[in-house]
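Visitor: after the sequence you'll find the predicted model.
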Amino acid sequence: MKTVLMTAFEPFGGESINPSWESVSALEGKEIAGARIVIRQLPVVFSDVLDVLYQALDEVKPDAILSVGQAGGRSDITVERIGINVDDARIPDNAGRQPVDEAIVADGPAAYFSRLPIKAIVAALREAGIPASVSQTAGTFTCNRVMYGLLHWLAQQETPVRGGFIHIPYLPEQAAQHPGAPSMSAANVIQALEIAVRITLETAEDLKLAGGATH
């Protein structure tokens, strides 16, 4: 059976929960489109997060990877188009480190484009009644570090495996502590992630059959 690795983050920035982990946790062991979901939690620590990600990739050897993170203040599911080669933290990470204008990979490419079918995912989510859009920036915090690091790892492996990043809004219980901030229910986020996995796997098969590129 195929395997999809889904990663999410621990809480950070004073939050008691992280909606990415709360949502991804619900999918552990689930079968979607003929693939089993395996989840891993990532630390919000610049120095450690890619080591944890790469260990998970080596252990799981997934057929697709979807990394998920919190984007407080965004109102919809945002499928990221691009990860850039810079760490530039607005706030300290969970180890108290706050890098400024540091390269993620020395002498690495300036950016990598997502290997997810980003517009097909957005279209499917909207069809299901879930607000969604393509995002042109994954920021410069640990979410972007994971997206860039993942895509760099895939490029180094010269593998056609799908991989990319999705940001999700606050959960309602978080937004209640941030008056005026938008939110999305856990049920809708979980449904959105299930759809994203299904579309990713289905389009990968279509491209494989057609002999086309995978990103």
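Guide: Now that the structure is in, tell me what you want to look at. Predicted model, so just to flag it, every value in this text is computed and none were measured. Numbering: from 1, shown residues only.

Visitor: quick one: the strands in this protein?
Guide: Ranges of strands in the chain, per DSSP state E, are 2-9, 31-32, 35-42, 64-70, 77-80, 82-84, 111-113, 132-135, 162-168.

Visitor: for the first one, list every residue counted as buried.
Guide: Read it as strand 2-9. 4-9 (16 or more other CB atoms under 10 Å). C-beta here means a position set from N, CA and C on the backbone, and glycine is covered the same way.

Visitor: out of those, which comes closest to residue 25?
Guide: Nearest to residue 25 out of these is residue 8 (CB to CB; 7.5 Å).

Visitor: where do the helices sit along the chain?
Guide: 19-24, 49-60, 118-127, 142-157, 172-175, 186-210 (DSSP state H).

Visitor: which one of the ones you listed lies closest to residue 37?
Guide: When the helices of the chain are compared by CB to CB, helix 186-210 sits nearest residue 37, at 7.1 Å.

Visitor: so what secondary structure elements neighbour the closest one?
Guide: Under the contact criterion of 3 or more CB pairs under 8 Å, 6 or more residues apart in numbering; DSSP states H and E, helix 186-210 touches strand 2-9, helix 19-24, strand 31-32, strand 35-42, strand 64-70, strand 77-80, helix 118-127, strand 162-168.

Visitor: in JSON lines, list the ones you listed along with mean pLDDT and distance to residue 87.
Guide: Below are the helices and strands packed on helix 186-210 laid out as JSON lines (pLDDT from 0 to 100; distance: least, CB to CB, whole Å):
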{"stretch": "strand 2-9", "mean pLDDT": "98", "distance to residue 87": "15"}
{"stretch": "helix 19-24", "mean pLDDT": "98", "distance to residue 87": "19"}
{"stretch": "strand 31-32", "mean pLDDT": "98", "distance to residue 87": "32"}
{"stretch": "strand 35-42", "mean pLDDT": "98", "distance to residue 87": "15"}
{"stretch": "strand 64-70", "mean pLDDT": "98", "distance to residue 87": "15"}
{"stretch": "strand 77-80", "mean pLDDT": "98", "distance to residue 87": "16"}
{"stretch": "helix 118-127", "mean pLDDT": "98", "distance to residue 87": "23"}
{"stretch": "strand 162-168", "mean pLDDT": "98", "distance to residue 87": "15"}
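
Visitor: could I get these as JSON lines with distance to residue 141?
Guide: Below are those laid out as JSON lines (distance: least, CB to CB, whole Å):
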{"stretch": "strand 2-9", "distance to residue 141": "10"}
{"stretch": "helix 19-24", "distance to residue 141": "13"}
{"stretch": "strand 31-32", "distance to residue 141": "28"}
{"stretch": "strand 35-42", "distance to residue 141": "12"}
{"stretch": "strand 64-70", "distance to residue 141": "9"}
{"stretch": "strand 77-80", "distance to residue 141": "13"}
{"stretch": "helix 118-127", "distance to residue 141": "20"}
{"stretch": "strand 162-168", "distance to residue 141": "11"}
